[in-house]
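A.B. asks: A predicted structure for the sequence below; I have some questions about it.
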Amino acid sequence: MNSHLSQTDLDRWNRVKARLRAEVGEAVFSSWFTRMELEGIEGDTVRLSVATRFLRSWIQSHYAEKVLTCWQAEDSDITRIVLTVRTGLRQPAAAAAKPAEPACEAKAGAVNGVNGVEPGRPQPAAQAPARPGMHEALGGSPLDPRLNFETFVVGRSNELAYAAARQVAGVRRGETMLFNPLYIHAGVGLGKTHLLQSVTWAGNAQPDSRVLYLTAEKFMYSFVSALRAQNALAFKDVLRGINVLVIDDLQFLQGKQTQAEFSHTLNSLIDAGRQVVVAADRPPADLETVDERVRSRLAGGLVVEIGSLGEELRLQILNSRVAAARAHHPQFDVPPPVLSFIAKSVTHNGRDLEGALNRLLACSKLTGAPITLELAEREVRDLVRPPDNKKIKIEEIQRIVARHYNVSRGDLLSSRRTANVVRPRQIAMYLAKVLTLRSLPEIGRRFGGRDHTTVLHAVRKIEHLVGNDTTLANEIETLKRQLQE
């Protein structure tokens, strides 16, 4: 502490720290504020310092407005906080030779990612489970308190994923981890994020547990920010010091350096006996933009798919959401025939189901009209989508193409280069790309272990020919109809 400060200034600072400790909780205060010192008070400006650039960057990004608010509660004339990195004898020896960092300021009314929530994102409600402070202290992505195990509706399509997530969330420190990493994949709106946030809430409710939930986008942003601020080592230390790392939407992970860091973090956590939980919209093998080492490590754990929602499960979800809505809107009543109609008609995903209920709730609240089957049919008609085409397998494509061109399936998988085999093989690869979600490397493996560049060449070749050869275009349309029947 600076010797030139008056006792009055020191007393004010102690009261501000006590207020800050009460605001953020003991865990957050101990992690980030015990090494903060008061440098001086000049008019409406308070000057504070911390020992490292990482502390300065983190506090400025996540708690600058909170610190300013605590000072203003003590002295309403304070409108600005200036945060610097200490230099000289009071700085750790490893950093003593470095010049002082430029000051970072917090001004009244300028909120910058308070509590780890990006501007414009909804903040968690007050009823969040125990110890949310640790998650925000670690800079996690925003959590929705509604997304917990108690509100997750279980059915045949998601019961294995639910059971695995429950098991992972209940593991105590030092216990054997059966599923590591746990990888959950599914289409949009089927419950991946709900399960991942449930794991985070349940884990952080346990004493001495540090669970961090990050979207792939937030992971990339945090890593790039740390690189720019020359805090990459501190960023890595924070990530590798947690008990459970939860990563959502991994398909959006991009950048060679970022993927390399994620790979190192993944390996470090698993090798140290820490749990990793990941979700994406496709299996690990189909993450074409993700490093092969990451895909291999993810595939080595438990890979679980959440299937499409069956009608029975859709009806259970609707009943659950109506019950939740009645807690805030007691008069909200949806007759069983209306719920049955929505469950039968709105089939794509859970978000469409919630959207349908929200429309009915809006009609009920804003117009006072009773919720009838006719009203429901009118309000949700744009959410009624045609049924998805059947799931087509590569083996079926190979069988149909081989039969159509009078060759064997073995010919398509062989290394033969005769014209009567090459063209059907290329057509089969093309159909595999346009009719399935399989990646180019996966398609290549299914065609006799070919390289993904061979598949790409075949796809581009057939695309070009189709645009100029009407006969071939008609043949391919015929094959598509056969496969989709």
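C.D. replies: All right, it came through fine. Residues are numbered from 1 along each chain as shown.
A.B. asks: Can you tell me the SS state at residue 348?
C.D. replies: coil (DSSP: H, G, I helix; E, B strand; the rest coil).
A.B. asks: Got phi/psi on it?
C.D. replies: Dihedral angles of residue 348 (phi, psi; degrees, to the nearest 10) stand at phi -70, psi -50.
A.B. asks: That one: neighbour count?
C.D. replies: 19 (other CB atoms under 10 Å). All C-beta atoms are positioned from the backbone trio N, CA, C, and that covers glycine.
A.B. asks: separation between it and residue 314?
C.D. replies: For residue 348, the distance to residue 314 equals 10 Å [CB to CB, to the nearest Å].
A.B. asks: All the helices of the stretch 301-450 of the chain, residue numbers only.
C.D. replies: In the stretch 301-450 of the chain, the segments counted as helices under DSSP state H, counting those that start in this stretch are 311-326, 336-345, 350-367, 373-379, 394-404, 409-413, 419-435, 440-446.
A.B. asks: Next, residue 275: phi, psi?
C.D. replies: Per-residue torsions, residue 275: phi -90, psi 140 (degrees, to the nearest 10).
A.B. asks: could I get the helices of the stretch 301-450 of the chain as JSON lines with mean neighbour count, distance to residue 47 and mean pLDDT?
C.D. replies: Converted to JSON lines, those look like this (neighbours: other CB atoms under 10 Å; distance: least, CB to CB, whole Å; pLDDT from 0 to 100):
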{"stretch": "helix 311-326", "mean neighbour count": "17", "distance to residue 47": "48", "mean pLDDT": "85"}
{"stretch": "helix 336-345", "mean neighbour count": "18", "distance to residue 47": "59", "mean pLDDT": "86"}
{"stretch": "helix 350-367", "mean neighbour count": "17", "distance to residue 47": "48", "mean pLDDT": "84"}
{"stretch": "helix 373-379", "mean neighbour count": "15", "distance to residue 47": "58", "mean pLDDT": "82"}
{"stretch": "helix 394-404", "mean neighbour count": "19", "distance to residue 47": "65", "mean pLDDT": "91"}
{"stretch": "helix 409-413", "mean neighbour count": "17", "distance to residue 47": "72", "mean pLDDT": "90"}
{"stretch": "helix 419-435", "mean neighbour count": "20", "distance to residue 47": "61", "mean pLDDT": "92"}
{"stretch": "helix 440-446", "mean neighbour count": "20", "distance to residue 47": "56", "mean pLDDT": "89"}
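A.B. asks: Burial check on the closest residue to residue 67 other than its chain neighbours, number of neighbours?
C.D. replies: Counting by CB to CB, 6 or more residues apart in numbering, the nearest residue to residue 67 once its immediate chain neighbours are dropped is residue 81, at 5.6 Å. Residue 81 has 25 neighbours, counted by other CB under 10 Å.
A.B. asks: Partner strands of whichever strand or helix holds residue 81 and their direction?
C.D. replies: Assigned by DSSP states H and E, residue 81 belongs to strand 80-85. Here strand 80-85 is paired, per DSSP bridges, with strand 45-50 (parallel), strand 104-107 (antiparallel).
A.B. asks: Worst mean pLDDT among those strands?
C.D. replies: Note on these: strand 104-107 shows the lowest mean pLDDT, a mean of 44.
A.B. asks: Specify the residue ranges that define each domain of this protein.
C.D. replies: For the chain, automatic domain parsing gives the domain ranges 7-114, 132-305, 311-383, 394-484.
A.B. asks: Please identify the deepest-packed of those.
C.D. replies: Comparing the domains of the chain by mean neighbour count (mean count of other CB atoms under 10 Å), domain 132-305 ranks first with a mean of 19.
A.B. asks: in the stretch 1-150 of the chain, what spans have low per-residue confidence?
C.D. replies: Residue ranges of the stretch 1-150 of the chain with pLDDT under 70: 1-3, 27, 31, 54, 87-139.
A.B. asks: all strands in the stretch 201-350 of the chain, in order from the N-terminus.
C.D. replies: Using DSSP state E, counting those that start in this stretch, the strands of the stretch 201-350 of the chain run over residues 211-215, 244-248, 275-280, 302-305.
A.B. asks: And residue 209, how far from residue 81?
C.D. replies: 32 Å.
A.B. asks: I meant to write residue 255 there.
C.D. replies: From residue 255 to residue 81 the distance is 33 Å (CB to CB).
A.B. asks: Equivalent analysis for residue 267, please.
C.D. replies: 39 Å.
A.B. asks: just residue 30 next, same as before
C.D. replies: 20 Å.
A.B. asks: Tell me who's in contact with the closest residue to residue 401 other than its chain neighbours.
C.D. replies: Leaving out its chain neighbours, the residue that sits closest to residue 401 by CB to CB, 6+ apart is residue 428, at 4.2 Å. Counting by CB atoms under 8 Å, 6 or more residues apart in numbering, residue 428 touches 397-398, 401-402, 412, 447.
A.B. asks: same thing but at 6 Å, please
C.D. replies: Residue 428 is in contact with 397-398, 401, 412, counting by CB atoms under 6 Å, 6 or more residues apart in numbering.
A.B. asks: Over to residue 349?
C.D. replies: 188-190.
A.B. asks: per-residue pLDDT, the nearest residue to residue 200 once chain neighbours are set aside?
C.D. replies: Distance criterion CB to CB, 6+ apart; nearest residue to residue 200, sequence neighbours excluded, is residue 213 at 4.1 Å. Note on residue 213: pLDDT of 90.
A.B. asks: try the one 5 residues further on
C.D. replies: Residue 218 carries a pLDDT value of 84.
A.B. asks: okay but it is in contact with residue 142, surely?
C.D. replies: No - under the criterion of CB atoms under 6 Å, residue 218 makes no contact with residue 142, lying 9.1 Å away.
A.B. asks: From residue 437, how far out is the residue nearest to residue 200?
C.D. replies: 26 Å.
A.B. asks: before we move on, what about residue 146?
C.D. replies: Relative to residue 437, and taking CB to CB, residue 146 is found at 30 Å.
A.B. asks: likewise residue 462?
C.D. replies: According to CB to CB, residue 462 stands 19 Å off from residue 437.
A.B. asks: Restricting to C-alpha, output stretch 235-255 in CSV.
C.D. replies: C-alpha atoms of stretch 235-255 as CSV (Å, rounded to 0.1, in the frame of the first residue of the first chain):
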residue,chain,number,x,y,z
PHE,A,235,-5.3,-18.1,-19.8
LYS,A,236,-4.0,-21.6,-20.1
ASP,A,237,-3.4,-21.9,-16.4
VAL,A,238,-6.9,-20.8,-15.6
LEU,A,239,-8.4,-23.4,-18.0
ARG,A,240,-6.2,-26.2,-16.8
GLY,A,241,-6.9,-25.5,-13.2
ILE,A,242,-10.6,-26.4,-13.4
ASN,A,243,-12.3,-29.7,-12.6
VAL,A,244,-14.8,-29.9,-15.5
LEU,A,245,-14.5,-28.1,-18.8
VAL,A,246,-17.8,-27.9,-20.8
ILE,A,247,-17.6,-26.8,-24.4
ASP,A,248,-20.7,-26.1,-26.5
ASP,A,249,-21.1,-25.9,-30.3
LEU,A,250,-17.6,-27.3,-31.1
GLN,A,251,-18.4,-27.2,-34.8
PHE,A,252,-17.7,-23.5,-34.7
LEU,A,253,-14.1,-23.9,-33.4
GLN,A,254,-11.8,-22.3,-36.0
GLY,A,255,-8.2,-21.1,-36.4
